[in-house]
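Student: sequence? don't have it. structure:
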Ligand SMILES: *[C@@H]1O[C@H](CO)[C@@H](O)[C@H](O)[C@H]1NC(C)=O
Ligand SMILES: *[C@@H]1O[C@H](CO)[C@@H](O)[C@H](O)[C@H]1NC(C)=O
Ligand SMILES: *[C@@H]1O[C@H](CO)[C@@H](O)[C@H](O)[C@H]1NC(C)=O
Ligand SMILES: *[C@@H]1O[C@H](CO)[C@@H](O)[C@H](O)[C@H]1NC(C)=O
Ligand SMILES: *[C@@H]1O[C@H](CO)[C@@H](O)[C@H](O)[C@H]1NC(C)=O
Ligand SMILES: *[C@@H]1O[C@H](CO)[C@@H](O)[C@H](O)[C@H]1NC(C)=O
Ligand SMILES: *[C@@H]1O[C@H](CO)[C@@H](O)[C@H](O)[C@H]1NC(C)=O
C-alpha cells in the first residue's frame, strides 16, 4: 500500500439556508412593553406554511384543552402542527395558528396562550403578532431536500453533482500527484431510489462513478459514511434535521447504520479502487456515547470484514474530548483499522507492520 499524498473531500451536502429559527417577541396594549421571548424554537417544516415547533429538550409544542402551550409530545402529530402566517410586506412579522384553530397571543409578559380569534392589522399592539428572528441558519442535505420537496430536490442535487466533481477532476488529481479521494455519503444511499423522506435517490450512481473513475485514473477511494441516521453531530454535514444529535440512542438505530456499512462493503469489496471504508465522521462528545460508539465500531468492522479482508476500516476519534487517545488502543486491536483524528489519518495498525502505515 502506497502512501496517501492528500485527501480530497467530495462534499455531497450543499449549503442552502432554508429554515428560520425564530426567537419571537410581541407587544400589546395597556402595558408599555409586553415582550415574550419564546426562546429558540426549532422549526420542523412540513410545507411552506405548516410547521412543528420543537423545543431544545426535544419535545414538540402542542395546545391543551384550556389553550395553554404544552411541550410534552416526543413525536409530532396533528395536535402539534402549527401554521405560520407571515405579513406580506414584512416577512419577519408572523402569526401562529395553533392546532385548535386559534392564534397564539402574548397574554402576559410570562405566558403565551392559543386563544386569540380576531383578525389582524399587524400592528405593534396586536398580541398575536410576533417578530420572528432567525438566530441560526442550518444547512445540509436534510434541509435542502425538505425545502425543495422530492421532485425539485432530485433535480437540484442531480444538477449539482453533474458539475461539482467530474471526471476532469480525477484527471486533474492524478496529474497533480494525488492518489486517493475521500467520498462522503449519507446513510440513505443504501435505500435505493426512494429513500425515506425528505431524502432523494441519486447519490449511489455518483459513488459508482467515483469508483469507475478511480479505477480508470488509478485513484483509490475512501468511502466515509458522513451522515448517520439521527446524526452523530449537530452540524449540517451530518444531515441533521434541526441541529439535534440523536444517533446511537437505540440498538435499532445502530443496527440500521451497520446495515448501511454492510451495503457499501458488499457493493465495493471487490472493486480494485476501494482503499477504505470510514465508519463515520466526527462523532461529537458527549452526545456520541463512547461505549455505544465502540459497539458500533466493532459491528461496523465485522460488516466490512464479511466482504473484504484487505480494505482499511477507519474509525473516528470523538470531537470535544480531553483525552485524544481514548480509543487508540481499542482501534489498534483491529487488524487493518485506522484512527481518524480531527480529519487527519493519524495512525494505522495492519499486522503491526510499519510500511503499512498511511502517512500524511
Ligand atoms: C401544508 O400541509 C398541511 C398539513 O399537512 C396541509 O393541510 C396544507 O394544505 C399544506 N399546504 C400546502 C400549501 O401544501
Ligand atoms: C393546560 O396546561 C396549563 C399549563 O401547563 C395548565 O396550567 C392547565 O392546567 C392545563 N389544562 C389542562 C386541562 O390540562
Ligand atoms: C419546484 O419546481 C417548480 C418548477 O420549476 C417551481 O414552480 C416550484 O416553485 C419549485 N418548488 C420549490 C419548493 O422550489
Ligand atoms: C497506481 O498507483 C499506485 C500508487 O498509488 C502505483 O503503485 C501503481 O503503480 C499505479 N498503477 C498504475 C497502473 O499506474
Ligand atoms: C469477491 O470476489 C470473490 C472472489 O471472486 C468472491 O468469492 C466474493 O463473493 C466476492 N465478493 C463480493 C462481495 O462480491
Ligand atoms: C453510555 O451508554 C451506556 C449504555 O447505554 C450507559 O450505561 C452509559 O451510562 C452511557 N454513558 C454516558 C457517559 O452517557
Ligand atoms: C486516555 O484514555 C486511555 C484509554 O482509556 C487511557 O489508557 C489513558 O490513560 C488516558 N489518558 C489520559 C491522559 O487520561
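Tutor: Everything's here; your move. Being a predicted model, the structure only gives us computed values, none of them experimental. Numbers count the residues shown, from 1 in each chain. Ligands and ions are numbered 1, 2, ... in the order given.

Student: quick check: chain neighbours aside, which residue is closest to the residue nearest the centre of the chain?
Tutor: In the chain, the centroid-proximal residue (C-alpha atoms, centre = their mean) is residue 239; its distance is 1.7 Å. Excluding the flanking residues, the one nearest residue 239 by C-beta to C-beta, 6 or more residues apart in numbering is residue 227, at 3.8 Å. Just so you know, the C-beta spots here come from the backbone N, C-alpha and C atoms, and that holds for glycine as well.

Student: from ligand 1, how far out is that neighbour?
Tutor: Distance, residue 227 to ligand 1, by C-beta to the nearest ligand atom, to the nearest Å: 26 Å.

Student: quick one: residues contacting residue 260.
Tutor: 187, 189-190, 225 (C-beta atoms under 8 Å, 6 or more residues apart in numbering).

Student: show me which of those residues is closest to residue 203.
Tutor: residue 189 (4.8 Å; C-beta to C-beta).

Student: select the longest helix from the protein.
Tutor: helix 251-268 (DSSP state H).

Student: would you mind listing what in the stretch 151-300 of the chain touches ligand 5?
Tutor: Within the stretch 151-300 of the chain, the residues that sit near ligand 5 (C-beta under 6 Å from any ligand atom) are 266, 269-270.

Student: again, only this time at 8 Å
Tutor: 265-267, 269-270 (C-beta under 8 Å from any ligand atom).

Student: filter these down to the buried ones and express that as a ChimeraX selection.
Tutor: Per 16 or more other C-beta atoms under 10 Å, the buried members of those correspond to this ChimeraX selection:
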select :265,267,269
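
Student: re the thing from before, let me see the contact set for the residue nearest to the centre of the chain.
Tutor: 13, 140-142, 186, 199, 227, 231.

Student: against residue 195, how distant is it?
Tutor: Remark: distance between residue 239 and residue 195 (C-beta to C-beta, to the nearest Å) = 11 Å.

Student: any idea how far residue 187 is from the residue in the stretch 101-250 of the chain that ligand 5 sits nearest to?
Tutor: With C-beta to the nearest ligand atom, the shortest gap between the stretch 101-250 of the chain and ligand 5 falls at residue 211, namely 13.4 Å. Distance, residue 211 to residue 187, by C-beta to C-beta: 19 Å.

Student: returning to that earlier point: so which of the residues of the stretch 151-300 of the chain next to ligand 5 is the closest to residue 316?
Tutor: Nearest to residue 316 among those, with distances taken as C-beta to C-beta, is residue 265, at 17.2 Å.

Student: leaving out chain neighbours, which residue sits closest to the residue of the stretch 251-360 of the chain found nearest ligand 6?
Tutor: Nearest to ligand 6, among the residues of the stretch 251-360 of the chain, is residue 289, at 3.6 Å (C-beta to the nearest ligand atom). Of all residues not flanking residue 289 in the chain, residue 248 sits nearest, at 6.1 Å (C-beta to C-beta, 6+ apart).

Student: and the contacts of stretch 193-203?
Tutor: 12, 141-142, 145-146, 149-150, 153-154, 157-158, 161, 185-186, 188-189, 191-192, 239.

Student: go again using 10 Å as the cut-off
Tutor: Contacts with stretch 193-203, where a contact means C-beta atoms under 10 Å, 6 or more residues apart in numbering, come from 12, 45, 141-158, 161, 183-192, 204-205, 227, 229, 239, 241.

Student: about what we covered before: and the contacts of residue 239 as CSV, adding neighbour count and pLDDT?
Tutor: Shown next, in CSV, are the contacts of residue 239 (neighbours: other C-beta atoms under 10 Å; pLDDT from 0 to 100):
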residue, neighbour count, pLDDT
13, 21, 25
140, 24, 92
141, 27, 95
142, 24, 94
186, 24, 98
199, 24, 97
227, 31, 98
231, 27, 97
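
Student: give the contact list for the residue of the stretch 101-250 of the chain closest to ligand 5.
Tutor: Residue 211 neighbours (C-beta under 10 Å, 6+ apart): 183, 219, 221, 223, 267-268, 271-274.
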